[in-house]
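[1] please work out how this folds:
(chains A and B)
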Amino acid sequence: MKRHIIAIFTLMMTLLALPAMAQDSDTLAVRTHRWFSLHDIKLEGRVGFNIGGTAPLGMPATIRHLDKFSLTPNISFGVSATKQFNPKWGLKVGINFENKGMKTDARVKNYSMEIVRGGQTLGGWFTGNVVTSVTQWMFTLPIQATMMARKVRLRGGLYASYLTYRDFSGWAYDGYLRVDGPTGEKVSLGHNEGERGEYDFSSSMRRWQWGATVGMDWYVYRRFGIFAELNWGFNGVHKSDFHTIEQTLKPIYGTLGFTYLIN
Amino acid sequence: MKYFNHTLFCILAVAALVVLPSCYKDEPLNAEADIEQVELTVDNPEQFFFQLTDARQNVLSTDSVISFTVRSHADLTALAPTFTLTPGATIVPASGSTHDFSAGPVWYTVTSQDGNWTRRYRVQFMPQVVIVNDTIKYDFEHFELEPDKHKYYIWHNVLADGTLGNDFVTGNPGFKLSMGSAPPEDYPTVPYANGYEGYALKVITRDTGVFGRMANMRIAAGNFFLGEFDVQVALLNAMQATRFGKPFMRKPVKLMGVYQYKRGATYQDRAGNPVPGRLDEGQIYAVLYRNHDAQGNELVLHGDDVQTNPNIVALCIVPDVNPTTDWVKFDQPFIYKEELDMELLANRGYSLTVVFTSSIDGATFQGAIGSELIVDQVRLVCEEEQ
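    Sure thing, here's the model as predicted:
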């Protein structure tokens, strides 16, 4: 429910921004013409790096320590078109191809997990270390209202992503599993391949993600600029009927990069 | 620039809040409720136990019955066992409280630190029953589905006093880890209805599926043996999971019985590759060994030394368990490497294992899927008591 409210709020803000872009002195015809004219659309190319994680909001108590967190090649590149309605306000749409990946190694206690392979399931409560590797290559379509403030353009809106490649896998190691629950058989898992519990939840990942995006572009030199943005996912990376990992994991990534004004 | 700094700061701050370890919650309380170890301190342990090491027992996570074997004249009316539990767990009645075990077992309930989980344990002290018969019968008639999840069969042997024991175990609990959805009949060790007389025991070499390949344990040879199966190390070090042997107080002289053997089609190595020309074989054997080392520590044989440990004093290996068309009788003597120390024997200082397996190299996960050994009417003949 909360995420719907945030989404609707963001959408409303975007829509409310549109009338504000008009200047009162113009006639409706002039206004309409200017709004739908395409000749002043600015095209931009961009390349950036996604920094962030696919994580629960707030660390659950079962995760005791994040021993390692590394970013995978989270490149984001794309193009965007910005329609300026007046010197201050505009609308920006784009398409990005990007990866939102990460690799973590966390120490867990009583962490509910399940290894599912070939129709067989081994699940229970695990205490030990868990390596998680996430790769999500996707096309992202952001739509944002923009506001110029001197050399800086602030923007905010929504995005939708379609995943073309998804991987959520890893292994539990150096610990023990209590099969089916804390009073079940205790099964030790070792360190090396073959001794540890490999899991793969890739096929339980959603194809579609969406969320809010806010950012800023700063035009530094001629056509070159830099940008920073935050993309906050509203839905979890896994389908809603996936409960093996108790917490909903949401993709929350910032992007830093360069822009180039094409026209 | 001001905007830039501010926005960047916000982004990084939010990212940090999400992914960085700035927000660990308090450690959850322990949810496990195990008795990990039991110890009994008595005034004259030599008069009470056969071996001093019998006073302390490590408890497997799968066990809910804890049984001490004591001398037949031991006084059980006021014993105060102490327990090592999962950290934070509590036990009722209290650890160290005194109870009368002469009337039968005492039940203990362990509650986890978080209060949400409990386990019940039965603790019993069993005076050693004198084996009066020279021949011990293993007929495989007493089996049931394991009471917890009903996933696989377990067997009970008939003890000297006519009660049922749990001395024989199988690798079925290990197979369950890899093939949790298999019906009980598809496990490697199953009862066989058309026995030589009544039910027989059937052990089959099974495919362990995707999990098995993942763990490089592609097959599970059916097995059935006198000892314990420690499922905790089954994935980590499978050879250590099979703990062969139970203390035995008679001198065995031969092992008899009947079997049938069917050979699986393709012998495969550990990597799962077929080995042309190699033929699978079943195995039936018994081993008697000293169950303490020179330093007085308890010793048990495992998959990697069950026929080679220097503590072994006698071996009885039924040769050439090859394909048969009908029941084949076997009658194999124990070959002794050294004289038995009769005092040690009388003090449970020797352990015996009897093993049946469908693939001779099953311990190293080699053999032919489908190899099948059926045994019945097994008799362990001991030397007559003077």
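
[2] got the CA coordinates for stretch B:77-89 in PDB?
    Extracted C-alpha coordinates of stretch B:77-89, given in PDB (Å, rounded to 0.1, in the frame of the first residue of the first chain):
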ATOM      1  CA  THR B  77      17.600 -45.000  41.800                       C
ATOM      2  CA  ALA B  78      19.200 -41.600  42.200                       C
ATOM      3  CA  LEU B  79      21.100 -40.300  39.200                       C
ATOM      4  CA  ALA B  80      21.700 -36.700  38.200                       C
ATOM      5  CA  PRO B  81      22.700 -36.400  34.600                       C
ATOM      6  CA  THR B  82      24.000 -33.000  33.400                       C
ATOM      7  CA  PHE B  83      23.400 -31.600  30.000                       C
ATOM      8  CA  THR B  84      25.200 -29.300  27.600                       C
ATOM      9  CA  LEU B  85      22.500 -27.500  25.600                       C
ATOM     10  CA  THR B  86      22.300 -25.200  22.700                       C
ATOM     11  CA  PRO B  87      23.600 -21.900  24.200                       C
ATOM     12  CA  GLY B  88      20.800 -20.100  26.000                       C
ATOM     13  CA  ALA B  89      18.400 -23.100  25.900                       C
END
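
[3] neighbouring contacts of that stretch?
    By Cβ atoms under 8 Å, 6 or more residues apart in numbering or on different chains, the residues outside stretch B:77-89 that reach it are B:29-30, B:32-42, B:91, B:95-102, B:108, B:110-113, B:123, B:125. Every C-beta, even on glycine, is put in place using the N, C-alpha and C of the backbone.

[4] wasn't A:Tyr260 part of a helix?
    No - per DSSP: H, G, I helix; E, B strand; the rest coil, A:Tyr260 lies outside any helix segment and is strand.

[5] show the contacting residues for the residue lying closest to B:Thr90 once chain neighbours are set aside.
    Leaving aside its sequence neighbours, B:Thr90 sits nearest to B:Thr111 (Cβ to Cβ, 6 or more residues apart in numbering or on different chains; 5.2 Å). If you count contacts by Cβ under 8 Å, 6+ apart, B:Thr111 has them with B:33, B:89-92, B:117-118.

[6] can you check B:Ser351 too?
    Going by Cβ under 8 Å, 6+ apart, B:Ser351 touches B:245-248, B:288-291, B:300-301.

[7] count the neighbours of whichever residue of the stretch 201-350 of chain B sits closest to chain A for me.
    The minimum distance from the stretch 201-350 of chain B to chain A, using Cβ to the nearest Cβ, falls at B:Val210 (3.3 Å). By the measure other Cβ atoms under 10 Å in any protein chain shown, the count of residues near B:Val210 is 16.

[8] list the helices and strands the helix or strand where it lies packs on?
    In this structure, B:Val210 is located in helix B:209-214 according to DSSP states H and E. In terms of contacts (3 or more Cβ pairs under 8 Å, 6 or more residues apart in numbering or on different chains; DSSP states H and E), helix B:209-214 is packed against strand A:102-117, strand A:120-149, helix B:172-178.

[9] now A:Asp40. Nearest residue, chain neighbours left out?
    Leaving aside its sequence neighbours, A:Asp40 sits nearest to A:Gln84 (Cβ to Cβ, 6+ apart; 6.1 Å).

[10] show me the domain layout of chain B.
    B:22-128, B:131-382 (automatic domain parsing).

[11] okay, the ones you listed, which one's buried deepest?
    domain B:131-382 (a mean of 19; mean count of other Cβ atoms under 10 Å in any protein chain shown).

[12] follow-up on the earlier one: how about the helices and strands packed on helix B:209-214 in JSON lines, adding distance to A:Thr54 and mean pLDDT?
    Listed next are these as JSON lines, based on distance: least, Cβ to Cβ, whole Å; pLDDT from 0 to 100:
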{"stretch": "strand A:102-117", "distance to A:Thr54": "6", "mean pLDDT": "88"}
{"stretch": "strand A:120-149", "distance to A:Thr54": "5", "mean pLDDT": "93"}
{"stretch": "helix B:172-178", "distance to A:Thr54": "29", "mean pLDDT": "93"}
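
[13] and B:Ala238, which of the ones you listed is closest to it?
    Closest approach to B:Ala238 among the helices and strands packed on helix B:209-214 (Cβ to Cβ): helix B:172-178, 7.1 Å.

[14] put the alpha carbons of the closest one into PDB.
    Taking C-alpha atoms only, helix B:172-178 is exported to PDB below (Å, rounded to 0.1, in the frame of the first residue of the first chain):
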ATOM      1  CA  ASN B 172      18.700 -43.300   4.200                       C
ATOM      2  CA  PRO B 173      18.900 -40.000   6.200                       C
ATOM      3  CA  GLY B 174      21.700 -38.900   3.900                       C
ATOM      4  CA  PHE B 175      19.700 -39.800   0.800                       C
ATOM      5  CA  LYS B 176      16.800 -37.700   2.100                       C
ATOM      6  CA  LEU B 177      19.000 -34.600   1.800                       C
ATOM      7  CA  SER B 178      19.400 -35.200  -1.900                       C
END
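
[15] check contacts around residue 231.
    I'll assume chain A. A:50, A:52, A:140, A:142, A:159, A:211-213, A:251-255.

[16] I was after chain B.
    A:185-187, B:60-62, B:173-174, B:177, B:241.

[17] what stretches of chain B score poorly on pLDDT?
    B:1-23, B:386 (pLDDT under 70).

[18] please repeat the previous calculation with a cut-off of 50.
    B:1-11, B:13, B:17, B:19-22 (pLDDT under 50).

[19] downstream neighbour of the helix holding B:Val210 in the secondary structure list?
    Using DSSP H and E, the helix or strand that follows helix B:209-214 in sequence is strand B:219-220.

[20] does chain A sit close to that next one?
    No - legend: contact between strand B:219-220 and chain A by Cβ under 8 Å from any Cβ of the partner chain is lacking; minimum distance shown is 13.2 Å.

[21] distance check, the closest residue to the residue of the stretch 201-350 of chain B closest to chain A other than its chain neighbours against A:Val179.
    Closest residue to B:Val210 apart from its sequence neighbours, by Cβ to Cβ, 6+ apart: A:Gly118 at 3.3 Å. Going from A:Gly118 to A:Val179 by Cβ to Cβ, to the nearest Å gives 18 Å.
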